[in-house]
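[1] Based on what follows, work out the 3D shape:
(2 chains)
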Number of protein chains: 2
Amino acid sequence: MNADLVMPTRQARNPMTLHELETPVLVLDRTKMERNIARLRDRLAPFGVALRPHVKTNKSADVTARIGAPGTPITVSTLKEAGHFLEHGWTDILYAVGIVPSKLPHVEELVRRGARMTLLLDNVEAAAAVAAYCRERALGVPVLIEIDTDGHRSGVKPEDPVLLEIGAALDGKEGQGAWLAGVLTHAGDSYNCRSAAAIEALAEQERAGAVRAAQRLRAAGHAAPVVSVGSTPTAHYARSLDGVTEVRAGVFVFFDLVMNGIGVCETSDIALSVLCTVIGHQREKGWLITDAGWMAMSRDRGTAKQPVDQGYGLVCDLDGKPLADLVMVDANQEHGIVSHRTDPVATPMLPVGTLLRILPNHACATAAQHGAYTVVAGSGVVEAQWPRFSGW
Amino acid sequence: MNADLVMPTRQARNPMTLHELETPVLVLDRTKMERNIARLRDRLAPFGVALRPHVKTNKSADVTARIGAPGTPITVSTLKEAGHFLEHGWTDILYAVGIVPSKLPHVEELVRRGARMTLLLDNVEAAAAVAAYCRERALGVPVLIEIDTDGHRSGVKPEDPVLLEIGAALDGKEGQGAWLAGVLTHAGDSYNCRSAAAIEALAEQERAGAVRAAQRLRAAGHAAPVVSVGSTPTAHYARSLDGVTEVRAGVFVFFDLVMNGIGVCETSDIALSVLCTVIGHQREKGWLITDAGWMAMSRDRGTAKQPVDQGYGLVCDLDGKPLADLVMVDANQEHGIVSHRTDPVATPMLPVGTLLRILPNHACATAAQHGAYTVVAGSGVVEAQWPRFSGW
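    Coordinates of the predicted model:
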């Protein structure tokens, strides 16, 4: 028996290598993350547009600081994110989920604390309510109108007559009341693309739809200076960003198997993984049982509809190299089942105690299951623990 | 315009009604929870077995105290749960995930702090490592052998020769070293049952398999006093528990749509819901957009394979009554899409600001997305905020 196995020591507060960690744990490869960030920055540089990263993916001041220093623009999906990043020095905050009147007091609190909060909406009722609130509370709030360029979710169509009604309901002027700052769209349907050509086409549709909506508002007398577009796939494939002022993306920082499945990254670019331990076997079935279940990976099965279904994740060795065709085929709360993708008999019966790293389907969902990033840089030496938050 | 909508006040620290909460928020109906707990207690009483609730579902001392006072036995799925409940006075703790040697120092720490930690394993390697560790550290730890009674996950078959090898590897005696306390099985396959008769049959298979394994160990000279079985479905349908000493269940406290789909509860028994707000519409598609996406509901689609697919959840009004055939048909991170189950045209275009409550597919997964329970008792008056924890 291996003495290392039977006499481990309780993990140090600042463990030095992945071997010393109690699993499951979320591992972030800083080298890959920085490469991913540089890639998108380099790609967008020639277009002369701002990057307004979506921090919903990382929910961490430490990660976000590697994308842009405090003070640079960010996008958030919750007001809790807005408050957290405001505390850490990010003041130019776009809340990219349709605002409802009941959240305006929270928005006001953030503004009074120093945030420049940009709001989003896609209907006249919300516009009128925001305008009335801002008037009565003497609050200056820029508002974007959400444009639907791909039928994916929220927003008004670029040619919809209601666009101008919403614009008219926003009766403030720059810096005073609720004022129309421009338009926003998110080509969420890019996650369903299956080729570079398809993403390029969707990126152009996203750009053209947003610019057209802004043009209609300008023709009606609004300044509407902002044209905000983005998704990780379209940000990486857009051939023109004419008329666009800023690009949003979130998952580009980490990448994941869904992005790999649509061709935006290689598996070797994926900066997040869940470190887990083999805890048992079902030899007849060709199963390895691990201590990373859906609680550690999330229930996200985003690759299920892609040409290559990666189960709950792609299984790698401790160095992050994929182990030939091993995937996490099923999950209970704290148990993962790992097996060969097509031939369970071919599953190597790795010993109890073996450490594995599982690449996630969806970085946003997997990261959300954890309270911190354990940061490594290639070699497996742990550099830091970066806290992340959750909730609303 | 409704003045209530345009001039809401920032939510109080102790809001009095659901109307005053900022959404999304996890709501727990205490009345239903207490009814569910009483139901299982009443059902098990005639059998004379102990209930050892699985606290992985609730991860809350406040909830667990309603099942059994500190000091009563509990089951945990992580050592973090063990530590948390130990701090709150629960000392009789079964860690029901296969132990690996690297976690033994953490187990030892818990034992030294006063926990009676029962461990689980299903292979000789782990048994030998635990035995060696306990011998060297002079630690008394009861161990259960995991039995596979339904092919669902981990464990050794009741008739497997390796069962006795594992027993032999556990060389301690009661209170000294790693000693064989008995067997444990979990009929996880009960979640796939489609009738009361099927659950009854599986409950009997679960019972008989565990008892048979214990008998074999006893015949080999082990005391093996404990026979631990359970899952929420089998706990509610077992007709005999002869030879069983304790029953484990977790989700019975809250219930959920998966349990409803297999006939274990009514939708009116489900004690958890996610309160959310309508933030917009896509009228042409018959969609309501809400601010509860998969982050608030989890990505769990446990009803997808059941006869009635409830999407990401069943939509109820503010009182918790289902709205005719409205389900959450799709989810983005912070956006939910609500529509009529079969006929989108029939979706009522509820106004922006309308509050809805969504019943979850899987209580364990949905609760895990939230940091607290907002506790109500029928009327919608908020009684308390009960914190819950997450992570490892």
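[2] Next, the contact list for the most centrally placed residue in chain A, please.
    Computing the C-alpha centroid of chain A and ranking residues by CA atoms, centre = their mean puts residue A:57 first, at 3.0 Å. Contact analysis of residue A:57 by CB atoms under 8 Å, 6 or more residues apart in numbering or on different chains lists A:250-251, A:253-254, A:363-364, A:367. (Each C-beta comes from the backbone N, C-alpha and C, glycine too.)
[3] Name the nearest residue to it, sequence neighbours excluded.
    Leaving aside its sequence neighbours, residue A:57 sits nearest to residue A:250 (CB to CB, 6 or more residues apart in numbering or on different chains; 3.8 Å).
[4] Count the residues that sit near residue A:214.
    27 (other CB atoms under 10 Å in any protein chain shown).
[5] again with residue A:48
    Here the number of neighbours of residue A:48 (other CB under 10 Å) works out to 9.
[6] ranges for the helices of the stretch 1-150 of chain A?
    For the stretch 1-150 of chain A, helices defined by DSSP state H, counting those that start in this stretch occupy the ranges A:3-6, A:30-44, A:61-67, A:79-87, A:104-112, A:124-137.
[7] Any chance of these in CSV with distance to residue B:214, mean neighbour count and mean pLDDT as columns?
    Output for the helices of the stretch 1-150 of chain A, formatted as CSV (distance: least, CB to CB, whole Å; neighbours: other CB atoms under 10 Å in any protein chain shown; pLDDT from 0 to 100):
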stretch, distance to residue B:214, mean neighbour count, mean pLDDT
helix A:3-6, 27, 14, 34
helix A:30-44, 50, 17, 98
helix A:61-67, 50, 20, 98
helix A:79-87, 50, 20, 98
helix A:104-112, 57, 18, 98
helix A:124-137, 63, 21, 97
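[8] would you turn those helices into CSV with distance to chain B?
    Putting those into CSV (distance: least, CB to the nearest CB, whole Å) gives the following:
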stretch, distance to chain B
helix A:3-6, 4
helix A:30-44, 19
helix A:61-67, 16
helix A:79-87, 8
helix A:104-112, 4
helix A:124-137, 4
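[9] Any chance of TSV for those helices, columns distance to residue B:117?
    Shown next, in TSV, are the helices of the stretch 1-150 of chain A (distance: least, CB to CB, whole Å):
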stretch	distance to residue B:117
helix A:3-6	17
helix A:30-44	36
helix A:61-67	35
helix A:79-87	36
helix A:104-112	43
helix A:124-137	53
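[10] coming back round to it: read off the pLDDT value for the residue nearest to residue A:57.
    With respect to pLDDT, residue A:250 has a value of 98.
[11] So it is in contact with residue A:59, correct?
    No: at 10.2 Å, residue A:250 and residue A:59 do not qualify as touching, with contact defined as CB atoms under 8 Å.
[12] now residue A:83: how far from residue A:114?
    11 Å (CB to CB, to the nearest Å).
[13] Sorry, wrong one. I was asking about residue A:281.
    Relative to residue A:114, and taking CB to CB, residue A:281 is found at 56 Å.
[14] so how far is stretch A:225-237 off the chain centroid?
    Centroid separation for stretch A:225-237 versus its chain: 14 Å, with CA atoms, centre = their mean, to the nearest Å.
[15] Can I get that stretch in PDB, CA atoms only?
    Below are the C-alpha coordinates for stretch A:225-237, written out as PDB (Å, rounded to 0.1, in the frame of the first residue of the first chain):
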ATOM      1  CA  PRO A 225     -25.300  57.100 -29.400                       C
ATOM      2  CA  VAL A 226     -24.800  53.500 -28.100                       C
ATOM      3  CA  VAL A 227     -25.000  50.400 -30.200                       C
ATOM      4  CA  SER A 228     -24.100  47.400 -28.000                       C
ATOM      5  CA  VAL A 229     -23.900  43.900 -29.500                       C
ATOM      6  CA  GLY A 230     -22.400  40.600 -28.600                       C
ATOM      7  CA  SER A 231     -22.100  37.000 -27.700                       C
ATOM      8  CA  THR A 232     -18.800  35.000 -27.400                       C
ATOM      9  CA  PRO A 233     -19.300  33.400 -30.800                       C
ATOM     10  CA  THR A 234     -20.300  36.500 -32.800                       C
ATOM     11  CA  ALA A 235     -17.600  38.600 -31.100                       C
ATOM     12  CA  HIS A 236     -15.000  36.100 -32.400                       C
ATOM     13  CA  TYR A 237     -16.400  35.900 -36.000                       C
END
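[16] Just confirm yes or no for that stretch near chain B.
    No: contact of stretch A:225-237 with chain B (CB under 8 Å from any CB of the partner chain) is absent, the minimum separation being 11.2 Å.
[17] List the buried residues of that stretch.
    Neighbour-count burial for stretch A:225-237, with 16 or more other CB atoms under 10 Å in any protein chain shown as criterion, is recorded at A:226-237.
[18] Closest to chain B out of those?
    The closest of the buried residues of stretch A:225-237 to chain B turns out to be residue A:231 (CB to the nearest CB; 11.2 Å).
[19] on that earlier part again, so between residue A:281 and residue A:114, which is more surrounded?
    Applying other CB under 10 Å to residue A:281 and residue A:114 shows that residue A:281 carries more neighbours, namely 21 against 9.
[20] Let me see the mean pLDDT of the top helix by length along chain A.
    Longest helix of chain A, by residue count under DSSP state H: helix A:196-219. Mean pLDDT, helix A:196-219: 98.
[21] next helix or strand past it?
    Per DSSP states H and E, the first helix or strand lying C-terminal to helix A:196-219 is strand A:226-229.
[22] quick one: strands adjacent to that next one?
    Strand A:226-229 pairs in its sheet with strand A:178-185 (parallel), strand A:246-247 (parallel), by DSSP bridges.
[23] Give me the phi and psi angles of the residue nearest to residue A:331 when sequence neighbours are not counted.
    In space, and not counting its chain neighbours, residue A:331 is closest to residue A:294: 4.0 Å by CB to CB, 6+ apart. The phi/psi pair for residue A:294 (degrees, to the nearest 10) reads phi -70, psi -20.
[24] Show me where the stretch 251-392 of chain A has its strands.
    Assigned by DSSP state E, counting those that start in this stretch, the strands in the stretch 251-392 of chain A fall at A:272-282, A:287-290, A:314-316, A:322-331, A:336-340, A:355-359, A:372-376, A:382-387.
[25] Can you tell me which helices and strands the third one packs against?
    Under the contact criterion of 3 or more CB pairs under 8 Å, 6 or more residues apart in numbering or on different chains; DSSP states H and E, the helices and strands touching strand A:314-316 comprise strand A:322-331, strand A:355-359.
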